[in-house]
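In: Structure for the following, please:
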Amino acid sequence: MDSLAEAALQGAPAEELEKLSVPSDYMALHTRAEDASMFSGETDKDVRRSLRLGRVPMPELAPDEVLIAVMASSINYNTVWSATFEPVSTFPFLKQMARRGYWGARHDLPHHVLGSDAAGVVVRVGSGVSRWKVGDHVVVATTHVDNEDPATHGDGMMGADQRAWGFETNFGGLAHYSVVPTNQLLPKPAHLTWEEAAANPLCAGTAYRMLVSERGARMKQGDVVLIWGAAGGLGAYAAQFVRNGGGIAVGVVGSPDKARHALAMGCDHVIDRQEIGLTGDAPSDPAAVGKRLGKAIRKATGEDPHIVFEHVGRATFGLSVFVCRRGGTVVTCGSSTGYRHEFDNRYLWMRLKRVIGSHGANLQEQAETNRLIGLGRVSTALSTTFPLAQAPEAARLVQRNEHIGKVGVLALAPNEGLGVTDPALRERIGEQALAPLRN
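Out: The predicted structure is shown next:
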C-alpha cells in the first residue's frame, strides 16, 4: 500500500494527505480489450477468467473531479455484463467517451476499471471543485452525467450522454483509487462501516426512483407491490421502501433460505418460485403460471398487485404484465435473464396497465435515498464481503445468482468494521437493524 493510501486509511488530516504524492499507478479490477472475444461460442462464460487484478496507470484529474482512496466497493450485475462482454463489450462505451474531448479521451484505454459503487476518502480535488475537500468521507452516486446538456438539469437521467459510472465509464470503484466527478458525490453515512456504505448507492437509488420518485411508480400507502428477486440487492431495498411507505410487499424468491432473508428485509409475504412452477427461463405456458402466481398473491393479500417491481426480464416480464391489477403499473429497470420480452398485450391494453422504464437515479433521488440511510430508516443489504484479491470470486457468486442481497468488496480497508464516525447513532439503531442480512 502506498503512503497516500495508508494515510487515508489511518484518518490523516487534510494537510498531511495533501503533502503526500499521488502514485503513478494503482491496483484495480479490470477487463482487457484484447479479451473481448474470449467467450465466443462458450456456454459458461466464467467471469473469473476475464476479470484481472493488477496495476493500472493513474489518470489525470479533471477540474471538476476528485480522486478517492477507495475503502470498499461492491459487485453489481453490470460487473458481470462487463466481464462477459455481453450483451455488448463495454469498450465501445469508452470510445464514445473519447469523443467528448480531452478529458473524455482518458477513458478510452485498452483496460476498463470496473465497479459502480464506492465509499472512501477524498485525497485530491480538481481545480474547479469548491463543495468538497481533501479528507471528506464520501459515497459515490453512480450516474455519470453531462452538466452541459440542458436535459440533465431537469432530470439527470434524461441527458443524452447519461452513463453508468464504472460500467460505461472507466476508473470505477473496484480499485484502490477512483476518479469521480463531483456531481456524483454524497456524504458517507457516519454510522456505517466502509463496506456497509459502499453496498448501497446503485441498488438503493435505483429502487427509490422505481417506487418512490415522481418519475417512477409513485407508490402510495396500502399499495400491494410484487417484488421479483426480493432477496437480491435491488429487491432488498425495494422491500424496505414499500414497508416505509405503508405498502404491502410480496416477494418472489428461489429458495426457503432466500425467503427467510426477504422477510428480514421487510417483505410482508414471500412466494417461492418452486410453488408456482417457475424455473429459470420464461415459462412455456405463461398464462398457467401467471394464474398460479396471481392466486398466491391474492391468498396472501386478498387482491392483485398495484405495482410490480421488475428487473429480471425475459423470464418474468410476461408474468408481471399478467398479474398486475387493472390500471396497475409494471416498473422495470433491467433484464438480467434477457432483453427480449414476450407478453400477451391484451392484458396490457385492455386492462389499462402501464409499463414504466426506469434507470438508475438522479443526484437528488440519490441524496434523498442517502438521507434515509443516514437516518437509519433504510438498512444496508450487504450480506458478505470479499477482499479485492478475491473480487472475481465475488462476481462469480453474483453471476450464478448464489448470493443474498449485496456482495461487498474491501479495497483499501484491510478488514470489516472500519470507517464508523458516529458510533452513538450506530448503537441507537442496533447491529441487527443496520445489516439484517449479516445478522
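
In: C-alpha from now on. contacts and neighbour counts both.
Out: Will do.

In: Which strands or helices does the lengthiest helix in the chain pack on?
Out: Selection of the longest helix in the chain by residue count, based on DSSP state H, yields helix 286-301. Other helices and strands packing on helix 286-301, by 3 or more CA pairs under 8 Å, 6 or more residues apart in numbering; DSSP states H and E, are helix 317-323.

In: ok, then the element right after the helix it packs on?
Out: Per DSSP states H and E, the first helix or strand lying C-terminal to helix 317-323 is strand 329-332.

In: And the contacts of that next one?
Out: Here strand 329-332 makes contact (CA atoms under 8 Å, 6 or more residues apart in numbering) with 210-211, 216-217, 306-311, 320-321, 324, 353-358.

In: ok, it: who's next to it in the sheet?
Out: strand 307-310 (parallel), strand 354-357 (parallel) (DSSP bridges).

In: just how off-centre is the helix or strand hosting Glu196 within its chain?
Out: If you go by DSSP H and E, Glu196 is part of helix 194-198. Chain-centre distance of helix 194-198: 13 Å, with CA atoms, centre = their mean, to the nearest Å.

In: what comes into contact with the helix or strand that it is followed by?
Out: Next along the chain after helix 194-198, taking DSSP H and E as the criterion, comes helix 201-211. Contact with helix 201-211 is made by 116-117, 139-142, 215-219, 233-235, 237-238, 241-242, 309, 331-333, 358-361, 365-366, 369-370, as judged by CA under 8 Å, 6+ apart.

In: Buried subset of those as a PyMOL selection?
Out: Of these, the buried ones go into a single PyMOL selection, burial set by 16 or more other CA atoms under 10 Å:
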select buried, resi 116+117+139+140+141+142+216+217+219+233+234+235+237+238+241+242+309+331+332+333+358+359+360+361+365+366+369+370
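
In: Is the closest residue to Leu51 other than its chain neighbours bridged to anything, and to what?
Out: Nearest residue to Leu51 in three dimensions, chain neighbours excluded: Thr31, at 5.4 Å (CA to CA, 6 or more residues apart in numbering). Counting by DSSP bridges, Thr31 is bridged to His112.

In: Now Gly172: closest residue in space that isn't a chain neighbour?
Out: Gly172 sits nearest to Gly166 (CA to CA, 6+ apart), 3.9 Å away.

In: and the one you found, which of the three is it?
Out: Three-state assignment for Gly166 (DSSP: H, G, I helix; E, B strand; the rest coil): coil.

In: give me the low-pLDDT residue ranges for the protein?
Out: Low-confidence segments of the chain, defined by pLDDT under 70: 439.

In: longest strand anywhere in it?
Out: Counting residues, the longest strand found in the chain (DSSP state E) is strand 65-75.

In: And the contacts of the helix or strand following that strand?
Out: The helix or strand immediately downstream of strand 65-75 is helix 77-84, counting by DSSP H and E. Here helix 77-84 makes contact (CA under 8 Å, 6+ apart) with 31, 39, 45-47, 50-51, 87, 89-90, 114-115, 167, 336, 395-396, 398-399.

In: how about helix 77-84: buried residues?
Out: Within helix 77-84, the residues scored as buried using 16+ other CA under 10 Å are 77-84.

In: thinking again about what came up before, so how many other residues sit close to the residue nearest to Leu51?
Out: Neighbour count of Thr31, defined by other CA atoms under 10 Å: 26.

In: That one and Val56, how far apart?
Out: To Val56, Thr31 is 11 Å away according to CA to CA, to the nearest Å.

In: buried subset of the contacts of helix 77-84?
Out: 31, 39, 45-47, 50-51, 89-90, 114-115, 167, 336, 395-396, 398-399.

In: Which of these fall in helices?
Out: Going by DSSP H, the helices hold 47, 50, 395-396, 398-399 from those.

In: looking at this, Leu29 is in a helix?
Out: No - checked against three-state DSSP, Leu29 lies outside a helix; its state is strand.

In: Identify the residue spatially nearest to it, adjacent ones excluded.
Out: Leaving aside its sequence neighbours, Leu29 sits nearest to Leu53 (CA to CA, 6+ apart; 4.5 Å).

In: same check, this time on Thr421
Out: Ala190 (5.1 Å).
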